[in-house]
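**Q** Please find the sequence and the predicted model below.
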Amino acid sequence: MMKKFLFFFTIVLVLACGKQGPHGNAFSWNQNSGQPKGYIYVATEGGLSISKDEGATYSNKTVSEGLGNNAVNGVYVDSNNVIYAATDGGLSISKDEGETFINKTTSDGLGNNIVENIKGDSSGTLYASTKGGLSLSSDGGDSFSNKTTSDGLGDNWIRDVSVSTDGTIYAATGGGISISTNGGSSFINKTAANASLSDNTILRVLISSMGVIYAGTNDTNAGLEISTNGGSSFTQKTATEGLVGNYVTGEIFEDNDNNLYIGTYSGLSISTNGSSSFSNKTTTQGLGNNVVRGIFVDSSKIYVGTNWRLSVSEDGGGSFTNYSTSNGLGHNQINDIYVR
């Protein structure tokens, strides 16, 4: 299994916040809120590994602490320090910094107990990508409303989700990119047939701060799918244009400076100009493995989850330091990272 108002108010919010969460979906901590900085949450195949000392040491959380499964596919932490771990056995929630977890399953409204990823937006809505639909929660995960093909999704297997600042939902499905402008009540699906996607199996999706849709597929001729017109049509960037590899199977991340980070099966591609050109990072620069799964950028640090170790760069990707089970991580396959 292949394991994101008023104009014046928006500016004030951005200036008050330390950084955005994955895909620009949510602000993970507020400089004025008293929340600690330097906590690292690593979703591994062997548990959720948490560091409270900027990565010097890790404490690994497993089913013993209440996780639904030790295979953790994604992690998200909201502004109230609540941890959400997407696992192969449900969505696990901790309100005590990971000491204990309560697990949510299909009995709570999740579409499936295999949760591929979990994201949150600035309004507090949670989006759980599951193997049986896109599950939304507006009450911190107490209950979920599940969206499926009957609501217009291209497929019920949701791999990823990204939400724009205006609330538009973009879901990566096994049957295209599904877009909702009404909070998930209905979706319009974009495919190879109606929007020039290279492949309908979409593994990753990002709506950028500039309104550009980026998507990744697992296809030799696909590469990075890009739409600048709201999904009406897509063009592709491939190895021919400098992408490190055409299998875009890992996370697509945008940092606060609008730089793009694209995870592929062949390494990490970084673009500082909206995908016009790429700088590629592989094991040659010190990545633990060229199969990139999760990405998080926190200030000057780039965190890359690979098939074999967590790779961290403090020089823009020029070199990486690797962390493994010997540093306390639960497993060397790193699926996702969240930092605050």
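**A** Thanks, I have it.
**Q** Now do the strands in the stretch 101-250 of the chain.
**A** For the stretch 101-250 of the chain, the strands defined by DSSP state E, counting those that start in this stretch occupy 102-104, 115-120, 126-130, 133-137, 145-147, 158-163, 169-173, 176-180, 188-190, 202-207, 213-217, 224-227, 235-237.
**Q** Which neighbours in the sheet does the host helix or strand of residue 337 have, and how are they oriented?
**A** Residue 337 is part of strand 334-339, with elements assigned from DSSP states H and E. Here strand 334-339 is paired, per DSSP bridges, with strand 40-44 (antiparallel).
**Q** For the partner strand, which outside residues touch it?
**A** 48-51, 54-55, 58, 60, 72-75, 77, 83, 85-86, 294, 303, 305, 310, 329-339 (C-beta atoms under 8 Å, 6 or more residues apart in numbering). To be clear about C-beta, it is placed using only N, CA and C from the backbone, and glycine gets the same treatment.
**Q** Just after that strand, pick out the following helix or strand.
**A** strand 47-51.
**Q** Show the secondary-structure elements that that following strand is packed against.
**A** Identification of packing neighbours for strand 47-51 by 3 or more C-beta pairs under 8 Å, 6 or more residues apart in numbering; DSSP states H and E yields strand 40-44, strand 59-61, strand 72-77.
**Q** What backbone torsions are found at the nearest residue to residue 187 once chain neighbours are set aside?
**A** Spatial nearest neighbour of residue 187, chain neighbours left out: residue 152 (3.5 Å); criterion: C-beta to C-beta, 6 or more residues apart in numbering. Dihedral pair for residue 152: phi 110, psi 0, per degrees, to the nearest 10.
**Q** Can you give me the neighbour number for residue 152?
**A** For residue 152, the tally of surrounding residues (other C-beta atoms under 10 Å) stands at 17.
**Q** so what's it up against?
**A** Neighbours of residue 152 in contact, by C-beta under 8 Å, 6+ apart: 178, 180, 186, 187, 188, 189.
**Q** Same check on residue 247?
**A** Shown in contact with residue 247 (C-beta under 8 Å, 6+ apart): 218, 219, 220, 222, 264, 265, 266.
**Q** what about 7 Å?
**A** 218, 264, 265, 266 (C-beta atoms under 7 Å, 6 or more residues apart in numbering).
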